[in-house]
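Chemist: have a look at this prediction, sequence included:
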Amino acid sequence: METKNARVVRGRTELWVPHNAGEIAFAYPSAGPNSYREVRKEILNRGQKIPTGSQTSSLLYAAYCIPEVESEPEFENVRSIMRGAWLWLFNRNLWVENGVYVLQDTQAIGRGESLDVNKLEIMLKNGKEIEGVRFSEDGTLRFAPKETYNLGEQTPEVLAKNGFVIASCGRDGAEKIADASAKFKRKPYVNGVETKKPEQRVSALDGYGGLRLDFGGLNFDDAGLSHAFGVLE
């Protein structure tokens, strides 16, 4: 007797964008809107991967800066999400007095587990430095000293060299975020935490009603108005 379930498989929409030296595919539509961990669950249940900051920066660059896909409804939907909601940027941020640690959150743990400075420093040993930002050997952890970034309003040119943005998305990703931010009417804005004791947050991006690109590094993971586009295998 047959034991397999009956099922229907139909076509899926894929958003292919240039990324690093090749290209990457995102699933459409997005997961969400929901909290950080609920969006994670939705992406993983679909058999997709959690996007990194670098990958999300490539998606935004395509949506705002590549004319060939500007009029496509799927990329207009990316811009629509930015206007009215948030895109989760799956990074765990530990803000400390002298800077910020940014850990890629490929399992979307969020603030569910505490980060320890001593353990993070061990992970950073034998890594490399890019634009003043320290990267671990495997690239999953970065530390941006306070002197490498500005919070608040800034020009796209300054945003491209902002240490926190580089720590969040990589150097190339920071340049793509900056290019996308130049398509808005107002200058981009970076949110972060000024603190003397460690503060743990996550990151998200939005378009401030279509007026400016907000790069948020002080978000809590229970906000329910955020989306993400899963990465296809």
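Modeler: Okay, I see it. Computed from a prediction, not measured in an experiment: that's the story for all the values here. Residues are numbered from 1 along each chain as shown.

Chemist: what about the nearest residue to residue 91 once chain neighbours are set aside, how many residues nearby?
Modeler: Leaving out its chain neighbours, the residue that sits closest to residue 91 by C-beta to C-beta, 6 or more residues apart in numbering is residue 203, at 4.7 Å. Heads up, the C-betas are built off the backbone N, CA and C, glycines and all. A count of neighbours around residue 203, defined by other C-beta atoms under 10 Å, yields 28.

Chemist: is it true that residue 203 lies in a strand?
Modeler: Yes: Residue 203 forms part of a strand when assessed by DSSP: H, G, I helix; E, B strand; the rest coil.

Chemist: residue 221 is in contact with that one, correct?
Modeler: No: here residue 203 lies out of contact with residue 221, judged by C-beta atoms under 8 Å, at a distance of 10.1 Å.

Chemist: between these two, what contacts are shared?
Modeler: Overlap of the contact sets of residue 203 and residue 221 (by C-beta atoms under 8 Å, 6 or more residues apart in numbering) is empty.

Chemist: what's the spacing between the residue nearest to residue 91 and residue 125?
Modeler: 25 Å (C-beta to C-beta, to the nearest Å).

Chemist: ok, residue 143 next?
Modeler: 11 Å.

Chemist: the two - which one has more neighbours?
Modeler: More neighbours surround residue 143 than the other of residue 143 and residue 125, with 27 against 9 (other C-beta under 10 Å).

Chemist: residues near residue 233, how many?
Modeler: For residue 233, the count of nearby residues is 6 (other C-beta under 10 Å).

Chemist: wait, residue 178
Modeler: So residue 178, with other C-beta under 10 Å, has 24 neighbours.

Chemist: enumerate every residue touching it.
Modeler: Listed by C-beta under 8 Å, 6+ apart, the contact partners of residue 178 are 156-157, 159-160, 165, 188.

Chemist: recalculate using a threshold of 7 Å.
Modeler: 156-157, 159-160 (C-beta atoms under 7 Å, 6 or more residues apart in numbering).

Chemist: among those, which one lies nearest to residue 194?
Modeler: residue 159 (18.5 Å; C-beta to C-beta).

Chemist: for stretch 144-156, the distance to its chain's centre please.
Modeler: 17 Å (C-alpha atoms, centre = their mean, to the nearest Å).

Chemist: tell me the buried residues in that stretch?
Modeler: By 16 or more other C-beta atoms under 10 Å, the buried positions in stretch 144-156 come out as 144, 146, 148-151, 154, 156.

Chemist: top strand in the chain by residue count?
Modeler: As assigned by DSSP state E, the longest strand anywhere in the chain is strand 86-96.

Chemist: for the chain, longest helix please?
Modeler: helix 163-181 (DSSP state H).

Chemist: export that helix to PDB, keeping only CA atoms.
Modeler: Provided in PDB are the C-alpha atoms of helix 163-181 (Å, rounded to 0.1, in the frame of the first residue of the first chain):
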ATOM      1  CA  GLY A 163      32.000  51.100  11.200                       C
ATOM      2  CA  PHE A 164      28.700  49.800  12.600                       C
ATOM      3  CA  VAL A 165      27.300  49.400   9.100                       C
ATOM      4  CA  ILE A 166      30.500  47.700   7.900                       C
ATOM      5  CA  ALA A 167      30.300  45.300  10.900                       C
ATOM      6  CA  SER A 168      26.700  44.600  10.100                       C
ATOM      7  CA  CYS A 169      26.900  44.100   6.300                       C
ATOM      8  CA  GLY A 170      30.600  43.900   5.400                       C
ATOM      9  CA  ARG A 171      32.400  46.600   3.500                       C
ATOM     10  CA  ASP A 172      30.700  45.900   0.100                       C
ATOM     11  CA  GLY A 173      27.400  45.600   1.800                       C
ATOM     12  CA  ALA A 174      27.900  49.000   3.500                       C
ATOM     13  CA  GLU A 175      28.500  50.600   0.100                       C
ATOM     14  CA  LYS A 176      25.300  49.000  -1.300                       C
ATOM     15  CA  ILE A 177      23.300  50.200   1.700                       C
ATOM     16  CA  ALA A 178      24.700  53.700   1.100                       C
ATOM     17  CA  ASP A 179      23.900  53.600  -2.600                       C
ATOM     18  CA  ALA A 180      20.300  52.600  -1.700                       C
ATOM     19  CA  SER A 181      20.000  55.300   0.900                       C
END
